[in-house]
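> need a 3D model of the sequence below.
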Amino acid sequence: MIKLSHTIAVTLGALILGGCATTTPPSADTQQVATAAEKILRDHVYYNELFTSCAALGGEIEVDAINIQQNWLNANATLVAAADSYYSQQQASNSFEYGKLTLAPTAIRLALEASQQARDELSLNKRSPANQQKTCAFKLAQMTQASLPLSNQPLIASTQAELLTHQPLDENILDIPHLAGGIKAIAGGKSFFTINKNHQAICTDAYTLVIANDWPKEAYANFCGDRAVEVLVCDWGKCDTKKL
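Prediction:
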């Protein structure tokens, strides 16, 4: 099987080389830029999961997935890197250090949801090998060259110029969003039930995100609706809380 990540990384170097919290409500323009940056990151994660899942099937589908992914990145890598830089600046006050990583709960949740959306739409684990191939072939066939640029979307087109002013000097596109840390969906550990139950008692739209579960080390983030409100880092069941 072709090494997908290596194939992409070789050409991305050339492609890529080519904020604080406030009590004042953001202006409409600033909010639009923030929304566009998040949309770009969601699309990036979604399509990366779709291409990777289809490439794993091998054969002609693998070749098609790699070729279309490369075309997608050729069209969007610079904008994706700029969106990640902008998003990271906006989330600086909501980030925390864990191990050697700087993480933001909202970025982790964004990446997990976008990846899961792609997997749910493909549902490859529920299909026969023949139907897996057909499903990916259909999805990939919808991605014409003209449809690939994210700047085709009106919201992104209207904010592209501002986002590109945040272009980083260097970026590994495969690690985006950086504040998600490459964290995958995992089950909660021994402290999860208590943390989640306590949070549900004070928030009617409570959600507890599992960040790490490697007993005795655990890490969680509590959300109220879409807003991350605190991070809990636990050692042997004793948890330290950082309010966001």
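> check contacts around the residue positioned nearest the centre of the chain.
Of all residues in the chain, the one closest to the mean position by C-alpha atoms, centre = their mean is residue 111, 2.6 Å from it. Residue 111 makes contact with 41, 45, 177, 180, 183, according to C-beta atoms under 8 Å, 6 or more residues apart in numbering. Where you see a C-beta, it was placed from the backbone N, CA and C, and this is true even at glycine.
> let's see it at 10 Å
For residue 111, the residues meeting the contact criterion (C-beta atoms under 10 Å, 6 or more residues apart in numbering) are 41-42, 44-46, 48-49, 176-177, 179-185.
> select from those the one having the most neighbours.
Among the contacts of residue 111, the one with the most neighbours (other C-beta atoms under 10 Å) is residue 177, at 27 neighbours.
> need phi/psi at it.
When quoted as degrees, to the nearest 10, the phi and psi of residue 177 stand at phi -80, psi 130.
> other SSEs contacting whichever strand or helix holds residue 68?
Element membership of residue 68 [criterion: DSSP states H and E] is helix 59-90. Packing contacts for helix 59-90, counted by 3 or more C-beta pairs under 10 Å, 6 or more residues apart in numbering; DSSP states H and E, involve helix 4-17, helix 28-55, helix 105-122, helix 129-141, helix 154-164.
> quick check: can you list the domain ranges of the protein?
Split into domains by automatic domain parsing, the chain comes to 4-14+28-180, 192-243.
> pick the most buried one from the ones you listed.
Scoring these by mean neighbour count under mean count of other C-beta atoms under 10 Å gives domain 4-14+28-180 as the most buried, with a mean of 17.
> roughly how far out does that one sit from the chain middle?
For domain 4-14+28-180, the gap between its own C-alpha mean and the chain's C-alpha mean amounts to 7 Å (C-alpha atoms, centre = their mean, to the nearest Å).
> just name the shakiest helix or strand of the chain by mean pLDDT.
Scoring the helices and strands of the chain by mean pLDDT, DSSP states H and E places helix 4-17 at the bottom, with a mean of 47.
> so for the helix holding residue 68, mean pLDDT?
Helix 59-90 shows an average pLDDT of 97 in the prediction.
> which strands border the helix or strand following that helix, and is each parallel or antiparallel?
Next along the chain after helix 59-90, taking DSSP H and E as the criterion, comes strand 96-98. Paired with strand 96-98 in the same sheet, following DSSP bridges, are strand 101-103 (antiparallel).
> ok, and what's touching the strand it pairs with?
Residues external to strand 101-103 that are found in contact with it (C-beta under 10 Å, 6+ apart): 88, 91-92, 94-97, 178-183, 211-212, 219, 221, 231.
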